[in-house]
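>>> Dropping the sequence and predicted coords here.
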Amino acid sequence: MSYVNAPQTKFLATNCIVCGRPLVDAISVELGIGPDCRKGYDANINSDTQDQCNELTLKAALAAQDGYIPEVNRIAQEIEDLGLKNLANKIRRRFVNAKRNAKVIISMSSDNKYYIVKTPYVRSRKEEFVTAWRAIKGRFYKRKNKQNYVPVERRAELWALLQEFFEGQYGLGPLGVFRIKAPDS
């Protein structure tokens, strides 16, 4: 696979300020300029650190593809701890709007027995949407706050509903931002 099509290149979506080609390695993203254009300038980053950051960037890109945003943020902190603050911030910024624009909000009830779930209403598939919610055993709806309460042991059914109606969208849950993946992905 060429570096142009690598998951970390697509994840960072960063281009060289000189030639415009995609950047993927840690030093290039940190400086905003690719290896050919900076010709030997290493920004005082040793090759071990560069290799570690390149590996971590790939892991972050793959975690982001799978929707594991807390893992992406953890990896960003590791990268910052290695001294590449610009790279770490670029990775974090990727999800700032995701949190702000999350359509699905999940919290826990005070007794930790229920997920409290707020989603947009899917008017285009109204009957299917309502039927899917009602099919989750033990689920109930509080009209006052427009939230569904789903027993924790029905997590798999809740996730299936979210995948069916909100695939690809971001949500905000007890562990932070997440992306709703397609089934079997």
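Sure thing, it's come through.
>>> Scan the chain for its longest helix.
Ranked by residue count under DSSP state H, the longest helix found in the chain is helix 47-65.
>>> Can you give me the distance of Pro151 to Lys118?
For Pro151, the distance to Lys118 equals 17 Å [Cβ to Cβ, to the nearest Å]. (Each C-beta comes from the backbone N, C-alpha and C, glycine too.)
>>> residue closest to the middle of this protein?
In the chain, the centroid-proximal residue (Cα atoms, centre = their mean) is Ile69; its distance is 3.6 Å.
>>> wouldn't that residue be in contact with Gly176 here?
Yes: when contacts are counted by Cβ atoms under 8 Å, Ile69 is listed as touching Gly176 (5.9 Å).
>>> got the domain boundaries for the chain?
For the chain, automatic domain parsing gives the domain ranges 3-94, 104-179.
>>> one step back: let me know the pLDDT of the residue nearest to the centre of the chain.
Confidence at Ile69, expressed as pLDDT, is 82.
>>> so what's it up against?
63, 95, 98, 170, 176-179 (Cβ atoms under 8 Å, 6 or more residues apart in numbering).
>>> Tell me where this structure has helices.
7-12, 26-31, 35-38, 47-65, 69-81, 85-93, 96-100, 126-134, 155-166.
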